[in-house]
Structures are given as C-alpha cells and as structure tokens.
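# how does the following fold in three dimensions:
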Amino acid sequence: MIAHPAPQPTDRKAWMGLLARAKPAHLATLFPQLPPHDFLRAPEIGAVMVRGRIGGTGQPFNLGEMTVTRCALRLGSGTVGHGHVQGRDKAHATRAAVLDALLQTDQAAALQISVLQPLAEGEAQRRATRAAKAAATRVEFFTLVRGEDQ
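Down below sits the predicted model:
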C-alpha cells in the first residue's frame, strides 16, 4: 500500500470540515485553552434533514434527520468564527468556532502546524486503516473456461 501525505487544509472550507470531523477529545488535547471570546450565537443543538441520491445522480430523497450543534463567536480582535459539528457536543462546536476565527488571523501558520496537521494526519490514518480492512475482504471473481483447448 502506498502512503499518501496528509492533506494540508489551507482554505476555510477545508479546515472547517477537518475541525467538524475531528474527535472532540483529540481536538481538546491539541487546543486545550480557549482565548476570551463573546458569543454571537451560543452553541445550540438542532436537526438538519440529510438528503441523498441513489447512485449519486438520481432524484434526491430525504434520508433522515441528523443532530448538529452550531456556534458563532467573536474574538477580542473582532474576528468572527463559526463552528458546525455533528452531534450534541457544545464544547466541540465552540472549540471549532474559536479555531475558525484564529485561523483567519496571523496565528494561522502556527495553528496549521500544531492543530490542523495532526488532525489531517490522524484522519488520513483512519481512512487508510478503513481502506485496508475493506481491501482484506475483497473478492476477486474470474471465469474458468472448461472443455476448450487453449
């Protein structure tokens, strides 16, 4: 198996996705202290409708509801951050929003190395492990031709 380097999330969409998918405990370990901030929207729990398409191209259908937590805040510098995470973890949403705000400041380079890079590497490792498990169960089908001389 070829080892691929972990992607480096440098744009906002990429880092917000990475923060949302991160394990809350791991994120709290990497970034334990939150700087002072004011909530624009305190963490709140709600539900969203998840839609799907059969085969990725068919007619959309409602798959079901998913619980999410969202948060919006402002740092002392005035930078605004948003966090949206799956589940009911208000601390995770708050930490994601703080990091979103900080990644828009001059602290971005340091946070890329100390927080985002370990999260990306961990995610890449989990995906590789999952792919290896799936590959181990793969079945190769082939056809034998009987009765013919070759």
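
# can you give me the distance of the closest residue in space to residue 30 that isn't next to it in sequence to residue 80?
The shortest distance from residue 30 to any non-neighbouring residue, by C-beta to C-beta, 6 or more residues apart in numbering, is to residue 115 (4.8 Å). Where C-beta positions appear, they are placed from N, C-alpha and C, glycine not excepted. Spatial separation of residue 115 from residue 80 under the definition C-beta to C-beta, to the nearest Å is 19 Å.

# who's more crowded, those two?
Using other C-beta atoms under 10 Å as the criterion, residue 115 and residue 80 rank with residue 115 on top: 22 against 14.

# and the residue nearest to residue 30, that one's in a helix?
Yes: per DSSP: H, G, I helix; E, B strand; the rest coil, residue 115 lies within a helix segment.

# how close does it get to residue 91?
For residue 115, the distance to residue 91 equals 15 Å [C-beta to C-beta].

# same thing with residue 81?
Per C-beta to C-beta, residue 81 is found 15 Å from residue 91.

# how about residue 18, secondary structure?
helix.

# these two touch, right, it and residue 115?
No: using C-beta atoms under 8 Å, residue 18 is not in contact with residue 115, being 9.2 Å away.

# give me the element the residue lying closest to residue 47 once chain neighbours are set aside is part of.
Closest residue to residue 47 apart from its sequence neighbours, by C-beta to C-beta, 6+ apart: residue 65 at 4.5 Å. Element membership for residue 65 (DSSP states H and E) is strand 60-75.

# from the contact counts, what lies against that strand?
Under the contact criterion of 3 or more C-beta pairs under 8 Å, 6 or more residues apart in numbering; DSSP states H and E, strand 60-75 touches strand 37-53, strand 80-86, helix 90-102.

# for the second one, enumerate the helices and strands it packs against.
Judged by 3+ C-beta pairs under 8 Å, 6+ apart, the packing partners of strand 80-86 are helix 12-21, strand 60-75, helix 90-102.
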